[in-house]
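In: Fold the following, please.
(chains A, B, C and D)
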2 protein chains.
Amino acid sequence: MAAASRILRGDTNEFSVATCDRVLAAASSLGWRRNLLVRGVQTGRTQTIGVVVPPYDSFWVGLLSGVNSGLARADYLPINVWPGDTDNMPYFESDEEEGVRLMNRLLDRRVDGLILWPPFALAYAKHVAELHDQTVPVVVIDYHADALRSDTVATNETQAMRTVAEHLLALGHRRFGYIGCRETSAQTWALERRRGFEIALDGVPGVSYRRCKLNRRGSNGLDVATRLLQGGSAPTAVVAATDHEAVLIYQAAAALGMKIPDDVSVVGFADLDFAAGMIPPLTTVRQRASELGRQAASLILGRLDGSIAGSSRHDVRVDAELVQRRSTAPPRSDQPRQRRAANSSRIRRQRRSSSE
Amino acid sequence: MAAASRILRGDTNEFSVATCDRVLAAASSLGWRRNLLVRGVQTGRTQTIGVVVPPYDSFWVGLLSGVNSGLARADYLPINVWPGDTDNMPYFESDEEEGVRLMNRLLDRRVDGLILWPPFALAYAKHVAELHDQTVPVVVIDYHADALRSDTVATNETQAMRTVAEHLLALGHRRFGYIGCRETSAQTWALERRRGFEIALDGVPGVSYRRCKLNRRGSNGLDVATRLLQGGSAPTAVVAATDHEAVLIYQAAAALGMKIPDDVSVVGFADLDFAAGMIPPLTTVRQRASELGRQAASLILGRLDGSIAGSSRHDVRVDAELVQRRSTAPPRSDQPRQRRAANSSRIRRQRRSSSE
DNA sequence: CTGAAAGCGCTTACAG
DNA sequence: CTGAAAGCGCTTACAG
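Out: Numbering: from 1, shown residues only, chains lettered A, B, ... in the order given. Below you'll find the model as predicted:
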C-alpha cells in the first residue's frame, strides 16, 4: 500500500523493478487515477492557484496565458474567476460582496495562492482572513501602494513612456496631447503611465503639452478626443493611455477630416490584438503580457517552495518595447494645419502652448 | 461532530437554536473554513468544472464569462486551461500531447464535468478513458459531428446568415463576396456559416457570388481580401466569416482607395470588442457569447443533477442578431465603380458573375 | 526493500 | 435532537 503510493508518485528507483511493474500494471488495468483531492487533504497543498483577474482585453488574456504556462511547469493549475459579467467590464469595482464570495469559494477549495487584479486586492483583504493574515501568498498585478503587503508584478511604465517620448521627439514633434483613461484609485498604473510621459518631456525646450481624460464611465470618450485635436495649439502628436483611447483619437480624427499620421501622429499602449489591424496600423507600446503572467506565477511558486522568503515585498517590473507602425510620422512642417479655427474658442481654457 | 458538520452546511432548522449558535460561534472564533476537498473525497463531487477553451478573442472571453456566471449560481467553479500559449493562437491543434496532459491534470483533481473547445473534443477522447467512457459529462462548444456523443452548444449559423443575406438584399445588393477563415475539420461552424449564407442566397434572381478563404496559417489574408475586391465582377457587398476577416477587407479597401460603405459594403460576424470602434463602425452579427456560456453551464449542471438524463445528445442552438452600423449601405447605382481595371485579369478564374 | 497502523478533516449512516 | 463509529482514498512515519 505504502509502496504502491510511492511508486505511483514516481519514486520508482527505490523499489525493485518487479514491484514497480506489478504496481503499475495493476494501476493501469484497474483504470486507476491519482486523486489530488486526498493528497490536498493530507499535505495541505492542492497545486492550485486562484486567479481573480477578469480577461478584460487581449492584454489580460495574454497575462492569463502566461500565468497558465508558468504554473503548468510546476504542475499547478490556475482557477480563474472574477466578479460580474464581462458585459459591463471594467466597471465592477462596486461588486465587493460578490468578490468576497468568490474569494471564499476559492479558499474553501484550498487554493495554495492567489493572483489578484488591483481593484480587488485591497477591498478583499478587509473581509477575508487569509488575505489579512497573509496565510496564503498573494501577487497583485499592475498595482502599487505602500499599504499593500503582497508582492506585485507590473509594467515598467516610466521606461516605456520614455521610449514613446523619445520616438516622438526624434520625429520632430513638440506639441503633445495625452488622452488618459479614467484614473480610479485602483489604477495606479494609469497615473504612473501618464506621469512617466510627463517626466520624459520635462525640461525639453519648446514643448507644449495638453491632456484630457475620460470620465468614470468612459462615456465621453469621443467628445474628449475631439476636443483634444482641435484649437489653436492642437497637438501634432497624441499619446493614449491604452490602445482603446487611441481608437477614440482615430474616430475623432476621421470625423474632423484629419489624416493619421499626416495631420496628427498617434501612439497607443498595450499592443492589443486589434492594434496592428487599425488603419493605419497603430504605433504602440507592446506590454509583455504573458511575461507578466509568468513572473506572477514564479513569484507565487517561489513563495510556496520557500525560494522567495522574508516578509519584504517583491515588486517585479517588466520592460516594454515600442512597436513602430504607421500612425506616427514627422509633423507637417508647412502651414499650421488647423481646419476648424472656428472651434478654437472652445479650448481657450486649456494650458497655454509655448509655440504660439 | 455530526451535528456541527450539518449545521455548518446550513441545516440550521433541524437543530436547537442554542446548538446552532454554539457551533457557529465556535467555528468563527476558531477561524474555521469548510474544506471542500474533504467533501469532494467523500461525495465524489468537487463542484468544479474543467473548461478547456482558449480565450482567443472577445467572443471566447464572453463565452467564458457566461460559463463563469452560469456555474456560480450553483456554487460551481470553472477551471479554465488550454494547451499552448495565446501568442500563437489559434494554431495549436497539433499540441495533442500537451492537451492530454492538461485533461489528466483536470481529471486528477476530480472535476465533475468538462466544457471543451472543438479541436480538443475528438482528439482527447482517444486518450482519456473518462471521456471515452462518458464517466464525466462533457459539453462541446461550436462543433457538430455525428461521431460526437457529447452535448453541444453553438450559434444558429443558418438563422444568423439569413438575416445577413436579407439585410444586404433589402439594401439592393446582388453581387456578393464571402471571405472565409481557414476551414479545418474542427471548424464545423465555419462551414455551417458559409453554407448558411449560400443557402440564403440560393434561388434569388440576378445574384452573383464569389468566395475566397485564407490559407491554413491565415498568412495570405490581405492578398485574398485584395483580390476579392478587384476585377470586373467585383462584389458590392462582402460578408466575412468573422470580424477578423472584415478587418482584412477594410485594409484591402483602404489600400485600393475604396471607401466603405460607398464602394463596398462589409458585414462581419461575432461583434468582437473592436467592431464598434472600426471606421466606419462595422455592421456585424452579434453572437450571444455569454448566453452560449450560460447554456453550456446549464447543460453540464443538468447532466450532473440528473435533470437532463438519457444517452441522447442535446444540441443547443442560440440565435444571433444583426447589428446594423455604418459599414453597409445601398450599392452605388451609377457607373460601375471599378478603379483598377488593369488588375482584372488576375481574377479571371473566379466564378463568373451573372450580372455582367 | 516492503508491509501494518495511524491519521488528514471531514461525511454518512446508525444508535441513543 | 445529539453523540460515538466507520469510512472516503490516500500519505506519512514506523516497524519488520
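
In: by contact count, what packs against the helix or strand residue A:20 falls within?
Out: Using DSSP states H and E, residue A:20 maps to helix A:17-29. In terms of contacts (3 or more CB pairs under 8 Å, 6 or more residues apart in numbering or on different chains; DSSP states H and E), helix A:17-29 is packed against helix A:2-8. Bear in mind the C-beta positions are built from the backbone N, C-alpha and C, glycine included.

In: hmm, back to that, give me the next element, helix or strand, following the helix holding residue A:20.
Out: helix A:36-43.

In: Which positions in the longest helix that chain A contains come out as buried?
Out: Scanning chain A for the helix with the most residues, using DSSP state H, yields helix A:289-305. By 16 or more other CB atoms under 10 Å in any protein chain shown, the buried positions in helix A:289-305 come out as A:289-304.

In: Output it in PDB, but only the C-alpha positions, please.
Out: Presented in PDB, the C-alpha positions along helix A:289-305 are these (Å, rounded to 0.1, in the frame of the first residue of the first chain):
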ATOM      1  CA  ALA A 289       1.600  40.400 -21.100                       C
ATOM      2  CA  SER A 290       2.500  36.800 -20.900                       C
ATOM      3  CA  GLU A 291       5.800  37.600 -19.400                       C
ATOM      4  CA  LEU A 292       4.000  39.500 -16.700                       C
ATOM      5  CA  GLY A 293       1.900  36.400 -16.100                       C
ATOM      6  CA  ARG A 294       4.800  34.100 -16.000                       C
ATOM      7  CA  GLN A 295       6.500  36.400 -13.400                       C
ATOM      8  CA  ALA A 296       3.400  36.400 -11.300                       C
ATOM      9  CA  ALA A 297       3.400  32.600 -11.400                       C
ATOM     10  CA  SER A 298       7.100  32.500 -10.500                       C
ATOM     11  CA  LEU A 299       6.600  34.800  -7.500                       C
ATOM     12  CA  ILE A 300       3.700  32.600  -6.200                       C
ATOM     13  CA  LEU A 301       5.600  29.400  -6.800                       C
ATOM     14  CA  GLY A 302       8.700  30.900  -5.100                       C
ATOM     15  CA  ARG A 303       6.800  31.900  -2.000                       C
ATOM     16  CA  LEU A 304       5.300  28.400  -1.900                       C
ATOM     17  CA  ASP A 305       8.500  26.500  -2.200                       C
END
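
In: Residues touching the following helix or strand past it, excluding its own?
Out: Once the chain leaves helix A:289-305, the next helix or strand it forms, by DSSP H and E, is strand A:315-318. Applying CB atoms under 8 Å, 6 or more residues apart in numbering or on different chains, the contact partners of strand A:315-318 are A:144, A:151-156, A:159, A:287-288, A:291-292, A:295, A:299.

In: Just the mean pLDDT for strand A:315-318, thanks.
Out: Averaging the model's pLDDT scores along strand A:315-318 yields 97.

In: how far out from the middle of the chain is that strand?
Out: In terms of CA atoms, centre = their mean, to the nearest Å, the centre of strand A:315-318 is found 12 Å from the chain centre.

In: Which residues does the helix or strand just after that strand contact?
Out: Following strand A:315-318 in sequence order, the next helix or strand is strand A:321-323 (DSSP H and E). Applying CB under 8 Å, 6+ apart, the contact partners of strand A:321-323 are A:160, A:163-164, A:167, A:271, A:283-286, A:288.

In: Serialize those to CSV and add fields for neighbour count and secondary structure.
Out: Formatted as CSV, those follow (neighbours: other CB atoms under 10 Å in any protein chain shown; DSSP: H, G, I helix; E, B strand; the rest coil):
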residue, neighbour count, secondary structure
A:160, 23, helix
A:163, 17, helix
A:164, 26, helix
A:167, 19, helix
A:271, 25, coil
A:283, 25, strand
A:284, 29, strand
A:285, 25, strand
A:286, 17, strand
A:288, 19, coil
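
In: what's the closest of those to DNA strand C?
Out: Nearest to DNA strand C out of the contacts of strand A:321-323 is residue A:288 (CB to the nearest atom of the strand; 40.3 Å).

In: Nearest residue to the closest one in space, ignoring adjacent ones along the chain?
Out: residue A:318 (5.4 Å; CB to CB, 6 or more residues apart in numbering or on different chains).

In: neighbours around that neighbour, how many?
Out: Using other CB atoms under 10 Å in any protein chain shown, residue A:318 has 17 other residues around it.

In: what does residue A:240 give?
Out: 26.

In: Output the set of residues of chain A in proximity to DNA strand D.
Out: Contact residues, chain A versus DNA strand D (CB under 7 Å from any atom of the strand): A:1-2, A:5-6, A:8-9, A:32, A:34-35, A:38-39, A:41-43.

In: Chain B contacts on the stretch 101-250 of chain A?
Out: Contact residues, the stretch 101-250 of chain A versus chain B (CB under 8 Å from any CB of the partner chain): A:102, A:104-110, A:129-130, A:244, A:247-248, A:250.

In: please redo it, this time with the cut-off set to 10 Å
Out: A:101-102, A:104-111, A:128-130, A:133, A:135, A:221, A:243-244, A:246-248, A:250 (CB under 10 Å from any CB of the partner chain).

In: Among those, which lie within helices?
Out: Those of those lying in helices (DSSP H): A:101-102, A:104-108, A:129-130, A:133, A:221, A:243-244, A:246-248, A:250.

In: Separate out the buried members of those.
Out: Using 16+ other CB under 10 Å, the buried ones in those are A:102, A:104-108, A:130, A:221, A:243-244, A:246-248, A:250.

In: Out of those residues, which is nearest to residue B:275?
Out: In terms of CB to CB, no member of those lies closer to residue B:275 than residue A:247, at 11.2 Å.

In: The one residue in the stretch 51-200 of chain A that gets nearest to DNA strand D: neighbour count?
Out: In the stretch 51-200 of chain A, the residue that lies nearest DNA strand D is residue A:75 (13.0 Å; CB to the nearest atom of the strand). Per other CB under 10 Å, the neighbour tally for residue A:75 reads 11.

In: Now do the same contact list for residue A:98.
Out: Under the criterion of CB atoms under 10 Å, 6 or more residues apart in numbering or on different chains, the neighbours of residue A:98 are A:82-84, A:92, B:69, B:72.

In: from what I can see, it looks like it's in a helix, true?
Out: Yes. According to DSSP: H, G, I helix; E, B strand; the rest coil, residue A:98 belongs to a helix.

In: Which parts of the stretch 101-250 of chain A are strands?
Out: Assigned strands in the stretch 101-250 of chain A, in chain order: A:113-116, A:138-141, A:151-155, A:175-180, A:208-213, A:237-240 (criterion: DSSP state E, counting those that start in this stretch).

In: hey, what's residue A:175 bridged with?
Out: In this structure, residue A:175 bridges to residue A:208 when assessed by DSSP bridges.

In: Report the lowest-confidence entry in the contacts of strand A:315-318.
Out: residue A:144 (88).

In: Counting neighbours, what do you get for the residue lying closest to that one once chain neighbours are set aside?
Out: Residue nearest to residue A:144 in three dimensions, not counting chain neighbours: residue A:188, with 4.8 Å by CB to CB, 6+ apart. Using other CB under 10 Å, residue A:188 has 19 neighbouring residues.

In: Which residue comes closest to whatever residue of the stretch 151-300 of chain A ends up closest to DNA strand C once chain neighbours are left out?
Out: Closest to DNA strand C within the stretch 151-300 of chain A is residue A:300: 22.3 Å, counting by CB to the nearest atom of the strand. Sequence neighbours aside, residue A:113 is the residue nearest to residue A:300 in space, at 4.2 Å (criterion: CB to CB, 6+ apart).
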